[in-house]
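> predicted model and sequence follow; I will ask about them next.
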Amino acid sequence: MWMKCIFLTALAAGALPAQSADTRSTYTQAEIEIGRQFFRANCAACHGPDGVSVPGVDLGHAKFKRASSDEDLVKIIREGVPGTAMPANDYFSVFDAETIVAYLRSMASTARPNSVLGDAIRGKALFEGKGGCLNCHHVRDNGSRVGPDLTEAGLARRAVELERSILDPDAEILPENRSVRVVTRDGVTVTGRLLNHDRFTVQFLDTRERLHSLVRSDLREFTIESKSPMPSYKDRLGATELADIVSYLVSLKGN
């Protein structure tokens, strides 16, 4: 079922205490993951993946106006606030709303400090130059399609997630960014970015940007890789350079 975007504007402007008597100190990883999916599907289009796209709102750093507990947040998510842009979203169960709160809490606990800001213009130069990122990725019509398209990186990923992907590419590999390794019947090994697969076929783009569509019964081996082909830039970029590239990626909002 298509769910309309949740406007959380009414929750902004005024710091929420780190804990209160009505604030849970911990949530399970399963609750956080469910909440992340709800947030991305219903909230990120308006608020951005970091929760800061609406002026005056900073969901990513747990700044709220009308809430002082998790129970308050659940109520506002489900019932809205009359006279504001926050509508009622009663198609969410209490559990659904609680998982969104779990994700908001997780966002705040893992957020990059507001002081960690880079220069997107310098970041673009590093991305296209020293970083060599266009050898694998593309932005709009520029670059390679061997790696994921980053044209909308700023709409899809939080800044902290983008930074982690640069420093530790194996930490989180999204399903759409998986790599595959196959060995054909005649012993040829081919690797590439997985596009689609089922019980009978596999489609992927190899390292030379050639599209392959193979019948799995014709293969000796078929393996979805557990590691990313992207190298870590932990020892290749200084702190300022890293902040600049992340700022550039955050600025990429599509065409």
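In hand now; what should we look at?
> and the most centrally placed residue in the chain, how far from Glu172?
The residue lying closest to the centre of the chain (CA atoms, centre = their mean) is Arg157, at 2.8 Å. Between Arg157 and Glu172 the distance, using CB to CB, to the nearest Å, works out to 10 Å. (C-beta placed from N, C-alpha, C; glycine too.)
> what of Val57?
Distance from Val57 to Glu172, by CB to CB: 25 Å.
> kindly report the same for Arg66.
Relative to Glu172, and taking CB to CB, Arg66 is found at 33 Å.
> on that earlier part again, any shared contact partners between Arg157 and Glu172?
Ser165 (CB atoms under 8 Å, 6 or more residues apart in numbering).
> which residue ranges form the strands in the stretch 151-255 of the chain?
179-184, 189-197, 201-206, 211-215, 219-224 (DSSP state E, counting those that start in this stretch).
> including distance to Ala30, could those go into JSON lines?
Listed next are the strands of the stretch 151-255 of the chain as JSON lines, based on distance: least, CB to CB, whole Å:
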{"stretch": "strand 179-184", "distance to Ala30": "26"}
{"stretch": "strand 189-197", "distance to Ala30": "25"}
{"stretch": "strand 201-206", "distance to Ala30": "30"}
{"stretch": "strand 211-215", "distance to Ala30": "35"}
{"stretch": "strand 219-224", "distance to Ala30": "23"}
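> who wins for proximity to Tyr27 among these?
strand 219-224 (29.4 Å; CB to CB).
> show me what that closest one packs onto, helices and strands only.
Strand 219-224 sits against strand 179-184, with contacts defined as 3 or more CB pairs under 8 Å, 6 or more residues apart in numbering; DSSP states H and E.
> the strand it packs on pairs with which strands, parallel or anti?
strand 189-197 (antiparallel), strand 219-224 (antiparallel) (DSSP bridges).
> may I ask you to confirm that the residue nearest to the centre of the chain is in contact with Ser165?
Yes. Contact status for Arg157 versus Ser165: in contact at 7.5 Å, counting by CB atoms under 8 Å.
> in the helix or strand bottoming out on mean pLDDT in the chain, what counts as buried?
Every helix and strand in the chain was compared by mean pLDDT, DSSP states H and E; the lowest is helix 44-47, with a mean of 80. Neighbour counts using 16 or more other CB atoms under 10 Å place Ala44, Cys46, His47 of helix 44-47 among the buried residues.
> no further questions, thank you.
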